[in-house]
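1. No letters, just coordinates:
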């Protein structure tokens, strides 16, 4: 395997690249029965948003 040098990822405008993370199960769940948190981060502006979710499946 050839080792290639690392190159930075250039982000030139807001909302071009996002990071998504599921936060582990909340114990106990919230009063609205949310059990997980979806956290999103825009890597350009460092804008962060957390969204409570009831399930990790698409159903």
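-> Right, received. Where do you want to start? Values in this document were obtained by computation on a predicted structure and should not be read as measured data.

2. Tell me the confidence at the residue nearest to residue 25 when sequence neighbours are not counted?
-> In space, and not counting its chain neighbours, residue 25 is closest to residue 35: 5.4 Å by Cβ to Cβ, 6 or more residues apart in numbering. C-beta: built from backbone N, CA, C; applies to glycine. pLDDT, residue 35: 89.

3. Please name the residues that touch residue 35.
-> 25-26, 29, 53-55 (Cβ atoms under 8 Å, 6 or more residues apart in numbering).

4. quick one, helices of the chain?
-> Read by DSSP state H, the chain holds no helices at all.

5. so where's it shaky on pLDDT?
-> 58-59 (pLDDT under 70).

6. any idea how far the residue nearest to residue 25 lies from residue 54?
-> Applying Cβ to Cβ, to the nearest Å, the value for residue 35 to residue 54 is 6 Å.

7. Closest to the centroid, which residue in this protein?
-> residue 20 (1.7 Å; Cα atoms, centre = their mean).

8. Contacts only, for that one.
-> Residue 20 touches 38-40, counting by Cβ under 8 Å, 6+ apart.

9. which phi and psi does residue 17 have?
-> phi -140, psi 130 (degrees, to the nearest 10).

10. Could you tell me how many residues sit around it?
-> 14 (other Cβ atoms under 10 Å).

11. what sits against it?
-> 9, 11, 42-44.

12. do that again at 7 Å, thanks
-> Residues in contact with residue 17 (Cβ atoms under 7 Å, 6 or more residues apart in numbering) are 11, 43.

13. Could you report the separation of it from residue 39?
-> Shown here: residue 17 relative to residue 39, a distance of 15 Å by Cβ to Cβ.

14. hey, what's residue 23 bridged with?
-> residue 37 (DSSP bridges).

15. if I pick residue 52, what's in contact with it?
-> Per Cβ under 7 Å, 6+ apart, neighbours of residue 52: 30, 34, 37.

16. my guess is residue 38 meets residue 54, correct?
-> No. In this structure residue 38 lies outside contact range of residue 54 using Cβ atoms under 7 Å: 11.0 Å.
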